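J.: Quick check, what structure comes out for this input:
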Amino acid sequence: MSRSAYLYLIFLASAWTAYVFLMAKGVIFDDAYIHFRIADNFSKYGLPFYNINDPVMGTSSPIWTWTLSFLSFLGLNLSPAVLALNGIFVVAGALAWTHCLRQLSSVQPAPWIQSIFFFAYIGVLTSSGLGLMETPLALLLLGLSVIAIIRNKKIGWILLALAAFVRLELLVIATLIIFVLALSQDRRCLLIGIPAFLMSLILLALATWVSFNAIIPQTVTAKQIVYEMSRSQVLSHISSKILPLNQNLPNVFTSLAIFFLAGWSFGRARISELLSDKKKLLVLGIGAGGAVIAFAYVLKAVFAHEWYLPLIIVPVIFLAAAWPETGAAKNVLFLIVVAAPLNALALYTVGAIHAEYLPGKEVGARVQRYLEVGSMLYQHFPDARLMTSEIGGLGASFKGEILDGVGLVTSAALAYHPMKVGTQRSGGGIGAIPAGFVEQELPELIVSYPVFVEEFEKSETRQKYQRIQVPAFSYPTEDRIKSNAIWGNKELYIYIRDDIATSDSILIGDIERSLTGERALK
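T.: A predicted model of the protein is given here:
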């Protein structure tokens with residue numbers, strides 16, 4: 001690819017990213033606001049906890065939390081600041097990984113492969129970028145580390161450690177990179193790289209311990225206890241995000257086609273050639289890293305959220321693009337694995353123009369509703385404790401104490417998990433609020449969509465609360481996205497403990513009318 005063509009590619013990608021990131025509003029993930037609240041508490045009070053009186057490590061990304069805390073300390077509004085930074089991280093990551101593609105490919109990839117890979121990378125990262133998550137930074141650091149390692153720069157190993165402390169799953173890829181370089185008997189890696197990487201890990205672990213009084217986040221422990229997914233469910237979820245053909249063809253035929261093409265393309269490499277070629281080993285290590293991360297999710301039956309998937313997809317499409325073998329089999333395989341990212345790119349482009357087609361529009365609309373409800377409740381009940389199972393948006397606007405029914409930041413809730421599927425909740429992937437935890441704490445307020453309070457609704461403790469039912473989304477949001485339900489729920493429940501509700505029934509009525517909106521009153 002010529003320099004002028006490459007610069008034109010960069011211009012197109014930057015213009016597209018700027019347009020979509022400015023226009024495709026309302027798809028922020030609820031978890032982003034968990035990070036924001038922790039970062040605000042860290043910058044203001046020096047306490048990196050979700051509830052400042054409850055020292056629980058609620059972040060799974062120490063470096064991301066430190067970064068957000070610094071932005072908060074500077075007085076920046078985190079939502080627009082992170083949106084701007086993620087736009088930069090996405091384009092910079094596409095540049096870094098495309099550079100890796102050119103440097104590590106024994107046979108220079110055709111310009112069309114480089115171009116498609118470039119835009120596929122952006123398609124993969126757009127969701128987590130717009131969702132204000134840390135994944136674009138993690139993969140940018142990983143790409144930069146690979147570039148530096150290729151050039152025998154010590155900084156590459158430091159960047160590799162930093163990437164792992166943005167997303168812990170990247171430790172898998174880091175370990176495989178070290179392993180394959182050791183196989184190639186790279187003396188610089190063995191004598192300089194590995195010690196620098198390990199020392200960086202130790203220093204980052206110490207900094208994490210000093211900051212959070214822990215190394216392993218509470219979220220890791222909680223999610224393994226709360227959610228009960230089958231391995232086949234996790235595998236189906238991951239494969240459907242990577243291979244859109246699964247939506248139209250039986251999984252078995254799609255899988256057989258992929259394995260056949262992969263075997264035809266990759267199986268021609270000789271082991272002796274691999275061991276003597278540092279570049280091939282690095283490509284294989286990165287691609288295998290993504291596969292191992294996917295396998296770990298399936299083996300542990302852990303649900304892979306939208307912002308986790310790029311950690312699997314980027315290494316896979318990189319392997320398909322950078323593998324040195326040529327021919328129709330490799331090209332077809334590459335086109336299959338980039339189909340989903342390019343489809344996402346098209347959907348976000350259309351969604352930026354017409355919000356009703358925007359991927360994840362309902363997910364973002366519910367977060368906006370949480371922000372609205374939390375702000376109003378805090379205005380009237382600043383000293384109340386609010387229980388919920390989705391603590392991001394509500395915690396950002398309700399500044400008081402939040403009791404997390406899932407246990408991500410409230411350890412006491414875990415005693416009531418896992419909840420039985422069928423009797424206490426309708427599915428293993430639902431992070432519901434246990435009725436026993438409500439009975440134990442008796443919070444003044446509870447906010448939840450019906451799907452998360454199925455057990456509580458049938459419990460005796462429910463009789464101690466008055467319930468307000470408001471539309472799932474505000475009416476302006478409904479009109480914009482042309483949707484009025486999330487997970488089949490058209491309403492959001494607000495429970496107010498009887499002693500508060502009866503003490504000021506006029507206020508409760510005002511809250512209900514305000515959140516219901518004028519349309520319901522006509």
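
J.: just the strands in the chain please.
T.: Secondary structure of the chain (DSSP state E): strands located at 386-388, 402-404, 445-448, 465-471, 491-497.

J.: As CSV, the ones you listed with mean neighbour count, distance to Phe179 and mean pLDDT would be great.
T.: C-betas here are computed from N, CA, C, even on glycine. As requested, the strands of the chain are exported to CSV (neighbours: other Cβ atoms under 10 Å; distance: least, Cβ to Cβ, whole Å; pLDDT from 0 to 100):
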stretch, mean neighbour count, distance to Phe179, mean pLDDT
strand 386-388, 26, 43, 98
strand 402-404, 27, 38, 97
strand 445-448, 26, 46, 98
strand 465-471, 18, 53, 94
strand 491-497, 21, 49, 96
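
J.: Make CSV out of those and add distance to Val314.
T.: Shown next, in CSV, are the strands of the chain (distance: least, Cβ to Cβ, whole Å):
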stretch, distance to Val314
strand 386-388, 33
strand 402-404, 31
strand 445-448, 35
strand 465-471, 38
strand 491-497, 35
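
J.: out of the ones you listed, nearest to Gln108?
T.: strand 402-404 (51.3 Å; Cβ to Cβ).

J.: which stretch among the strands of the chain comes nearest Glu169?
T.: Nearest to Glu169, of these and by Cβ to Cβ, is strand 402-404 at 23.0 Å.

J.: how far does the closest one sit from the chain's center?
T.: Put simply, strand 402-404 sits 21 Å off its chain's centre (Cα atoms, centre = their mean, to the nearest Å).

J.: Please apply the same query to stretch 114-132.
T.: Worked out by Cα atoms, centre = their mean, stretch 114-132 lies 14 Å from the chain centre.

J.: ok so, going back, looking at the strands of the chain, which is nearest to Gly360?
T.: The nearest among the strands of the chain, by Cβ to Cβ, is strand 491-497 at 18.2 Å.

J.: And the contacts of that closest one?
T.: Strand 491-497 is touched from outside by 369, 373, 377, 442-450, 453, 462, 464-472, 508, 511, 515, with contacts defined as Cβ atoms under 8 Å, 6 or more residues apart in numbering.

J.: Could you check the angle that strand makes with strand 465-471?
T.: Relative orientation of strand 491-497 and strand 465-471, computed by axes from the mean of the first three to the mean of the last three Cα atoms, to 10 degrees: 160 degrees.

J.: export stretch 432-444 as PDB, just CAs?
T.: What follows is stretch 432-444, C-alpha atoms only, in PDB (Å, rounded to 0.1, in the frame of the first residue of the first chain):
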ATOM      1  CA  ALA A 432     -31.400 -10.600  40.200                       C
ATOM      2  CA  ILE A 433     -32.000  -9.000  43.600                       C
ATOM      3  CA  PRO A 434     -32.400 -11.800  46.200                       C
ATOM      4  CA  ALA A 435     -35.500 -11.300  48.400                       C
ATOM      5  CA  GLY A 436     -33.500 -12.400  51.400                       C
ATOM      6  CA  PHE A 437     -31.000  -9.600  50.900                       C
ATOM      7  CA  VAL A 438     -33.800  -7.100  50.700                       C
ATOM      8  CA  GLU A 439     -35.300  -8.500  54.000                       C
ATOM      9  CA  GLN A 440     -31.900  -8.300  55.700                       C
ATOM     10  CA  GLU A 441     -31.200  -4.700  54.700                       C
ATOM     11  CA  LEU A 442     -34.700  -3.200  54.300                       C
ATOM     12  CA  PRO A 443     -33.400  -0.300  52.100                       C
ATOM     13  CA  GLU A 444     -35.500   2.800  51.800                       C
END
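
J.: can you list the residues that contact it?
T.: Identification of contacts with stretch 432-444 by Cβ under 8 Å, 6+ apart yields 381, 384-389, 403, 405-406, 412-413, 415-417, 419, 424-425, 446, 448, 451-456, 458-459, 461-462, 464, 496-497, 500.

J.: Just the buried ones among the residues you listed, please.
T.: 381, 384-389, 403, 405-406, 413, 416-417, 419, 424-425, 446, 448, 451-456, 461-462, 496-497, 500 (16 or more other Cβ atoms under 10 Å).

J.: From Ser60, how far out is the closest residue to Asn51 other than its chain neighbours?
T.: Setting aside the residues directly before and after it, Asn51 is nearest to Glu401 in space (Cβ to Cβ, 6 or more residues apart in numbering), at 5.6 Å. Per Cβ to Cβ, to the nearest Å, Glu401 is found 22 Å from Ser60.

J.: Those two: which has the busier surroundings?
T.: Ser60 (22 against 19; other Cβ atoms under 10 Å).

J.: what's the spacing between the more buried one and Arg167?
T.: 8 Å.

J.: Could you list the low-pLDDT ranges of this structure?
T.: Counting by pLDDT under 70, the chain contains low-confidence ranges at 1-3, 6, 243-276, 324-327, 329, 503-506, 517-522.

J.: Now with 80, please.
T.: 1-10, 24-26, 106-107, 183-190, 236-237, 239-278, 323-330, 332-333, 502-513, 517-522 (pLDDT under 80).

J.: Which parts of it belong to which domain?
T.: 25-357, 361-521 (automatic domain parsing).

J.: contacting residues around Arg366?
T.: 30, 390, 393, 449, 472-473, 486.

J.: Let's see that with 7 Å instead.
T.: 472, 486 (Cβ atoms under 7 Å, 6 or more residues apart in numbering).

J.: Glu478 versus that one, what's the distance?
T.: 12 Å.

J.: count of neighbours near Ser184?
T.: 17.

J.: Tally up the residues packed near the closest residue to it other than its chain neighbours, please.
T.: Computed as Cβ to Cβ, 6+ apart, the closest residue to Ser184 that is not its neighbour in sequence is Lys278, at 4.7 Å. Each residue near Lys278 was counted by other Cβ under 10 Å, and the total is 19.
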